[in-house]
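> Requesting a structural model of the entry that follows:
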Amino acid sequence: PSLKKFLNRYSIKRLYKYLRSSGNIRKDWLINLESAFPRHYTLMKRQIREYIIIPGSMIKGFSRSRLELMAKPDSKGRVMSCFRLYTWSGREALPSEKGYVHQQIFTSAKRFRPPCKGPRVCLICDIFGAPGLASRIAFTDLYLIPGNVTISEVCNRKCEVALPGTVFERWLIFEYLLPEELGLILLALGINKLNKSKRVLLGKYRYQCLQTAIVSFYVRDLEFIDILSDENFRDYGLEFVNLSIHRALSTYANYFDFNIDEVALRAEAIKKLGKL
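Residues are numbered from 1 along each chain as shown. All right, here's what the predicted structure looks like:
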C-alpha cells in the first residue's frame, strides 16, 4: 500500500506498539523511526503538492532503457545488455500497430536477449541494479528552477507542459563507478561533450506527437566526496566528466550505437504515418 494509505490506516503510535511487542526493535531504532517517518511523509507531500518535479526514478529508468535499446552485438556476437523492455516478435511492426515509431527509432535493438541469471550479470545490470543486486547510481528528483509550466493540448489531450527554456535541476549520485561507466550513463542521457548535448525524447507522448517531449541534459558540476573531498580536487570535476565521456566512447563504441538521433527518426516515422 502507499505511504499515505498506510498512515491513514495505522497511526504512528499503533505502529510503535506493534514494533515493541515483536521484541525485535530496540528503543533507539524507535527514536530514529519516530523522527524520520513523519518527516519523510511530509517531504513526499511537499514535493508532490508544492513543487513541480520530474521523478528521479523516471530519469533512471529512461537512461537504462536507452542503453538497453542502443546495445548492439560486436563482431563476436557479444552484447553488453541482457534484455530489452520491448520485443517485436522478430518482424517489422505495421504502421497501424502500437510501437511502430519506437521500432523505427531503435532498429538496431531487434534481437531479444534473456535476463541475467546466476552470479554473473551484464554491464547494464551491474550499474543500474537487478533483483538481489544493488544499484551503483541514484537520481534525485529534478526540481523546476527557471521556466514556466502551462496547460496545453498535446495529442488531443490537455496536459501540463513545460515551455521551451524550462530547466529542471538536481543530482546524479554514484559510487564505485569506473570513468567509462559514468561516461556511459552520460551518453545515455545524450551528453556527448561537457557543454554539448543531443536532444532526446522523454515523456508519455514522446512517440506520438512532433515538437513535444524533447529535452537536453547538461552537466553543471561534479563534486568529489569522501577521500577526494579536499578543495584541491574540486577544480577537476568537469575535467573528470570529459574524461569519462571520452573513455566510454573509446571503450564501448562497438557495443552501443551512440549516434541515434531520436528526434529526427521520430519525425520520419510520423511522416510515414501521415500524421503531419
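> Now do the helices in this protein.
3-9, 12-22, 27-49, 56-70, 100-105, 123-128, 179-188, 237-252, 262-272 (DSSP state H).
> Check the average confidence over the second one, would you?
Yep, that's helix 12-22 we're talking about. In this model, helix 12-22 carries a mean pLDDT of 55.
> Over to the fourth one?
Averaged across helix 56-70, the pLDDT comes to 87.
> Just the buried positions in that helix, please.
Residues of helix 56-70 classed as buried: 56, 59, 60, 62, 63, 64, 65, 66, 67, 68, 69, 70 (neighbour count, 16 or more other Cβ atoms under 10 Å). C-beta coordinates here come from the backbone N, C-alpha and C atoms, glycine included.
> any idea what sits nearest the fourth one, other than its immediate chain neighbours?
When you say that, I think you mean residue 62. Ranked by Cβ to Cβ, 6 or more residues apart in numbering and with sequence neighbours excluded, the top spatial neighbour of residue 62 is residue 202, at 5.8 Å.
> before we move on, back to that, lowest average pLDDT across the helices of the chain?
Among those, helix 27-49 has the lowest mean pLDDT, at a mean of 42.
> Kindly state the domain boundaries assigned to the protein.
For the chain, automatic domain parsing gives the domain ranges 1-50, 58-272.
> hang on, the earlier thing: which residues touch the residue nearest to residue 62?
58, 62, 213, 215 (Cβ atoms under 8 Å, 6 or more residues apart in numbering).
> close enough to count as contact, the third one and residue 205?
Spelled out, that is residue 213. Yes - counting by Cβ atoms under 8 Å, residue 213 does reach residue 205; the two are 5.6 Å apart.
> So which of those two has more stuff around it?
Between residue 213 and residue 205, residue 213 has the larger neighbour count (other Cβ atoms under 10 Å), namely 20 against 14.
> so who does that one touch?
By Cβ under 8 Å, 6+ apart, the residues touching residue 213 are 201, 202, 203, 204, 205, 206.
> One more: residue 247?
178, 179, 180, 183.
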